[in-house]
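J.: model the following, please.
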Amino acid sequence: CRTPLQSTKYIFKIAIMKFTIAALLVTSVAAFAPSSVERTSTAMNMDRRAAFGQIAAAGAVLAGVPAIASADGSVSAATIGRARGTYGERVVQLAPAVAAGDFKAIAKEKNAFILFNSGVYANNKGMKKAAVAQTNDIFKAIRSGDKAAVKGAYDAYVAANKITGLPDIDSKDGQGFCNDFDYRRGTKAGAIYVR
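T.: Coordinates of the predicted model:
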């Protein structure tokens with residue numbers, strides 16, 4: 001047995017369900033009903049000269065887009081310093097291999113030279129071009145098998161690009177990095193002061 005209040009709630013729920021079903025049926029019928037809209041013609045109402053003019057105008061606009069989008073906001077003093085510290089250190093670490101004439105070790109670190117050139121000189125095309133030419137001289141000397149030429153090209157590259165290794169920092173002397181994302185973390189310059 002239901003109380004009058006329960007009966008009213010039950011009748012109200014049934015009324016809402018019926019209304020919802022009716023609304024769904026009406027929208028379904030409206031969605032699948034045929035429309036009386038005329039189809040538009042897809043034929044272009046222009047001659048060949050006008051069409052090529054529009055194509056040329058669109059091509060000119062698209063040719064200008066890369067110049068607009070060439071701004072590089074990712075190059076800053078911090079990213080240049082990171083490239084100099086990370087890849088410059090790898091280049092400096094090759095000094096014993098260069099002195100010994102270990103061409104395999106130098107060739108294995110070719111990416112260090114490439115990444116140094118592109119990271120440090122991202123905004124200076126002239127210096128980048130010179131550094132790439134010096135890198136090519138190093139690897140040309142490696143291909144020829146001339147130890148003296150490799151040493152000379154390497155020394156010229158390091159001197160011209162002012163590449164120095166990371167300093168040796170002891171935690172007694174100070175702090176070498178400040179967070180886990182610093183490029184000096186895990187290197188000889190990566191000391192951190194702990195009390």
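J.: how much space between Trp182 and Asn123?
T.: In this structure residue 182 is Asp, not Trp. To Asn123, Asp182 is 22 Å away according to C-beta to C-beta, to the nearest Å. (C-beta placed from N, C-alpha, C; glycine too.)
J.: which stretches of the chain have low pLDDT?
T.: In the predicted model of the chain, residues 1-6, 35-46, 61-73, 179-181, 185-186, 193, 195 satisfy pLDDT under 70.
J.: off-centre distance for the longest helix anywhere in the chain?
T.: Longest helix in the chain by number of residues (criterion: DSSP state H): helix 4-32. Relative to its chain's centre, helix 4-32 lies at 55 Å (C-alpha atoms, centre = their mean, to the nearest Å).
J.: ok, back up a step: higher neighbour count, Asp182 and Asn123?
T.: Neighbours per residue (other C-beta atoms under 10 Å) separate Asp182 from Asn123, with Asp182 holding more: 16 against 11.
J.: where does the more buried one land in three-state SS?
T.: For Asp182, the reduced secondary structure class is coil; criterion used: DSSP: H, G, I helix; E, B strand; the rest coil.
J.: contacts only, for the nearest residue to it once chain neighbours are set aside.
T.: Spatial nearest neighbour of Asp182, chain neighbours left out: Gly190 (7.5 Å); criterion: C-beta to C-beta, 6 or more residues apart in numbering. With C-beta atoms under 8 Å, 6 or more residues apart in numbering as the criterion, the residues that contact Gly190 are Ile169, Gly176, Phe177, Asp182, Arg184.
J.: and those residues, which two are the farthest apart?
T.: When C-beta to C-beta is used, the two most widely separated members of these are Ile169 and Asp182, lying 12.2 Å apart.
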